[in-house]
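K.L.:
Make a model of this:
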Amino acid sequence: MAGRNHLYIPGPTNVPNEVLNAMHVTMEDHRSPAFPKLLKPLLEDLKKIFKTETGQCFIFPATGTAGWEVALTNTLNPGDKVLIYRFGQFSHLWAEMGKRLGFDVEIHQVAWGKGIPLDHLEARLKEDGAHTIKAVLATHNETATGVTSDIAGVRKAMDASSHPALLFVDGVSSIASIDFRMDEWGVDGAISGSQKGFMMPAGGAFLAFSQKALAMVDTCTYPRCFLDLKDQMNNNKDGYTPYTPALPILYGLRKALDLLLEEGMENVYDRHFRLAEGTRKAVAAWGLKLCAQPGFESNTVTAVMVPEDKDARTVIATAFSKYNMSLGGGLSELLGKAFRIGHVGDMNDVSMLGAIAGVEMALLDNGFDIKPGSGVAAAIEYYRSTAK
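P.N.:
Below is the predicted model:
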C-alpha cells in the first residue's frame with residue numbers, strides 16, 4: 001500500500017525524524033573519559049521532566065515493566081504488603097507482578113472507566129494503624145481504559161491518614177505528556193518508558209526515586225542483580241553505567257529531551273490536552289461513549305466503546321487493512337468492546353485529524369450509524385477555535 005502506516009496507538013508512538021537521526025550513531029567506548037559528558041546531563045535533564053530537584057533519576061536498558069520491578073525489589077522486602085487498585089490491564093499486570101515476586105498484594109477492584117478512589121484509599125490507610133502496608137502502587141494513566149488518576153489526590157489521602165507508605169507511580173503513559181510533579185506530590189518512585197511521551201522506540205526505562213526510597217536500598221533484602229539501583233548509583237555518580245548501555249537510546253533521549261524542553265513542559269501538557277479534547281469532541285459527534293467516566297479522561301489515549309451489536313476488532317482490522325492506520329485494541333475485559341486512539345508524543349492538530357478521518361471511515365464501513373464528516377467537523381471546529 002502506498003504511503004506510510006499511520007500509527008495511532010498509545011505506544012509505541014511516532015518518533016520524530018530528529019530523534020531517529022540522533023539514534024543513528026556509530027558505537028563508541030562507554031568507558032572512555034568522554035562518556036560522562038553524555039550520561040550526566042541526561043540524568044540531570046530527566047529531573048526536569050519528572051519535576052524533581054531532590055530525587056535521583058536512572059536509565060535502564062529495559063521497559064516500563066522492568067521499572068515496576070525495579071521499584072518493588074530495591075526498596076521492599078519479601079512478603080511486604082503493597083496496596084493497589086485494579087482498574088485496567090496495566091494496573092492488573094503490576095499487581096500480578098507483585099504477587100509473582102512474592103509480595104503480599106492487597107488488590108481493590110474498581111470499575112474499569114474510573115481511577116483510584118481517594119476516599120477509599122484514605123479510609124483504608126487509616127485502618128492500617130500498624131502500618132503493615134509498605135507501599136501504595138498507583139497507576140497514573142491506565143492505557144487500557146483511557147483513565148487518568150489524581151496523583152496529587154493520592155498524596156493528600158496518604159497525608160490525611162498520616163501513613164508512612166512509599167508512593168510508587170506508574171507514569172509510563174503519562175510522564176512527558178500529562179502534568180506530573182514528583183516533588184510536589186510526594187512521589188517516592190516514578191516509572192516511565194521511552195516509547196510514549198518521550199517519542200522514542202521501546203528499550204529505555206526512565207525512573208526517578210526520592211531520597212526516602214533510596215535510603216531503603218541499603219537495607220532491602222530482596223535479591224536483584226541486573227535491576228539493582230545500588231549498582232547504578234555507584235556507577236552513575238562518575239558518569240558511567242554498571243553494564244553496557246544502549247547507546248542509541250541514550251542519544252535518542254538526548255534529542256527527545258531537547259525537543260521537550262524547547263517546547264516547554266507546560267506547552268507539552270497543553271498540546272496533549274487539546275489533541276485529546278478534539279478526539280473526544282469527535283467521539284461525541286459520532287454518538288459513541290468513552291470508557292473513561294467523566295473526570296477521569298486521559299490526555300494520551302481515548303478508549304472508545306462500541307455498541308453491543310458491534311465488534312471493535314472489525315473497526316481496527318478495517319482501519320489497518322483498508323486505510324493503513326493502526327489503532328489500539330481493547331484489552332482483557334474490553335476485548336472487542338472498545339478501540340483506542342492514541343494522541344501522545346509527536347502529534348499535532350493535523351495528525352489527529354488524519355486519525356479521526358480514518359476512524360470515521362472505518363466506522364462507516366462497518367455499518368455504524370454516524371453522519372459522514374461529523375467527527376472530523378467537530379474536531380476541526382475545536383482545533384481552529386483553540387489554536388494559538
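K.L.:
just checking, what packs against the helix or strand containing residue 155?
P.N.:
Here residue 155 is covered by helix 151-160, with elements defined by DSSP states H and E. Counting contacts by 3 or more C-beta pairs under 8 Å, 6 or more residues apart in numbering; DSSP states H and E, helix 151-160 packs against helix 118-127, strand 133-139, strand 166-170. In short, each C-beta sits where N, CA and C put it, glycine included.
K.L.:
any idea of the mean pLDDT for the first one?
P.N.:
What that stands for is helix 118-127. Taken as a whole, helix 118-127 has a mean pLDDT of 98.
K.L.:
same thing with stretch 7-24?
P.N.:
Stretch 7-24 comes out at a mean pLDDT of 96.
K.L.:
returning to that earlier point: tell me which residues of the helix holding residue 155 are tucked away?
P.N.:
Using 16 or more other C-beta atoms under 10 Å as the test for burial, helix 151-160 gives 151, 152, 153, 154, 155, 156, 157, 158.
K.L.:
re the thing from before, give me whichever of the helices and strands packed on helix 151-160 is most buried.
P.N.:
Highest mean neighbour count of the helices and strands packed on helix 151-160: strand 166-170, a mean of 27 (counted as mean count of other C-beta atoms under 10 Å).
K.L.:
Which strands and helices lie in contact with the next helix or strand along the chain from it?
P.N.:
Following strand 166-170 in sequence order, the next helix or strand is strand 189-193 (DSSP H and E). Here strand 189-193 touches helix 64-75, strand 166-170, strand 205-209, going by 3+ C-beta pairs under 8 Å, 6+ apart.
K.L.:
residue ranges for the helices of this structure, please.
P.N.:
17-23, 36-50, 64-75, 89-100, 118-127, 151-160, 211-214, 229-236, 247-263, 265-285, 312-323, 349-365, 374-386 (DSSP state H).
K.L.:
Low-confidence ranges, this structure, go.
P.N.:
1 (pLDDT under 70).
K.L.:
Surely residue 261 touches residue 44?
P.N.:
No - Residue 261 is beyond contact range of residue 44, at 11.4 Å (criterion: C-beta atoms under 8 Å).
K.L.:
The helices and strands packed on strand 189-193 into JSON lines, with extra columns for distance to residue 94?
P.N.:
Formatted as JSON lines, the helices and strands packed on strand 189-193 follow (distance: least, C-beta to C-beta, whole Å):
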{"stretch": "helix 64-75", "distance to residue 94": "5"}
{"stretch": "strand 166-170", "distance to residue 94": "6"}
{"stretch": "strand 205-209", "distance to residue 94": "14"}
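K.L.:
Out of these, which is closest to residue 324?
P.N.:
helix 64-75 (27.7 Å; C-beta to C-beta).
K.L.:
Out of the helices of the chain, which gets nearest to residue 175?
P.N.:
helix 36-50 (6.5 Å).
K.L.:
now what about the closest one, what contacts it?
P.N.:
Residues outside helix 36-50 that contact it (C-beta atoms under 8 Å, 6 or more residues apart in numbering): 53, 55-59, 175-176, 180, 182, 190, 192, 206, 208, 236, 238-241, 245, 250-251, 253-254, 257, 260-261, 265.
K.L.:
Same question for stretch 175-184.
P.N.:
Taking C-beta under 8 Å, 6+ apart as the rule, stretch 175-184 contacts 49-55, 140-141, 148, 151-152, 171, 174, 190, 192, 196-198, 206, 208, 210, 260, 268-269, 272, 298-300, 344-345.
K.L.:
now swap in stretch 84-100 and tell me
P.N.:
65, 68-69, 72, 82, 105-117, 121, 136-139, 142-145, 147, 170, 172, 331-333.
K.L.:
which among those end up buried?
P.N.:
65, 68-69, 72, 82, 105-107, 110, 112-117, 121, 136-139, 142-145, 147, 170, 172, 331.
K.L.:
quick one on the thing from earlier: out of the helices and strands packed on strand 189-193, which gets nearest to residue 7?
P.N.:
helix 64-75 (18.3 Å).
K.L.:
Restrict the closest one to CA atoms and write it as PDB.
P.N.:
Extracted C-alpha coordinates of helix 64-75, given in PDB (Å, rounded to 0.1, in the frame of the first residue of the first chain):
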ATOM      1  CA  GLY A  64       8.400   0.200  31.900                       C
ATOM      2  CA  THR A  65       7.600  -3.300  33.100                       C
ATOM      3  CA  ALA A  66      11.200  -3.600  34.300                       C
ATOM      4  CA  GLY A  67      10.700  -0.300  36.000                       C
ATOM      5  CA  TRP A  68       7.800  -1.700  38.100                       C
ATOM      6  CA  GLU A  69      10.200  -4.400  39.200                       C
ATOM      7  CA  VAL A  70      13.000  -2.000  40.000                       C
ATOM      8  CA  ALA A  71      10.700  -0.100  42.300                       C
ATOM      9  CA  LEU A  72       9.500  -3.100  44.200                       C
ATOM     10  CA  THR A  73      12.700  -5.100  44.600                       C
ATOM     11  CA  ASN A  74      15.000  -2.300  45.500                       C
ATOM     12  CA  THR A  75      13.000  -0.800  48.400                       C
END
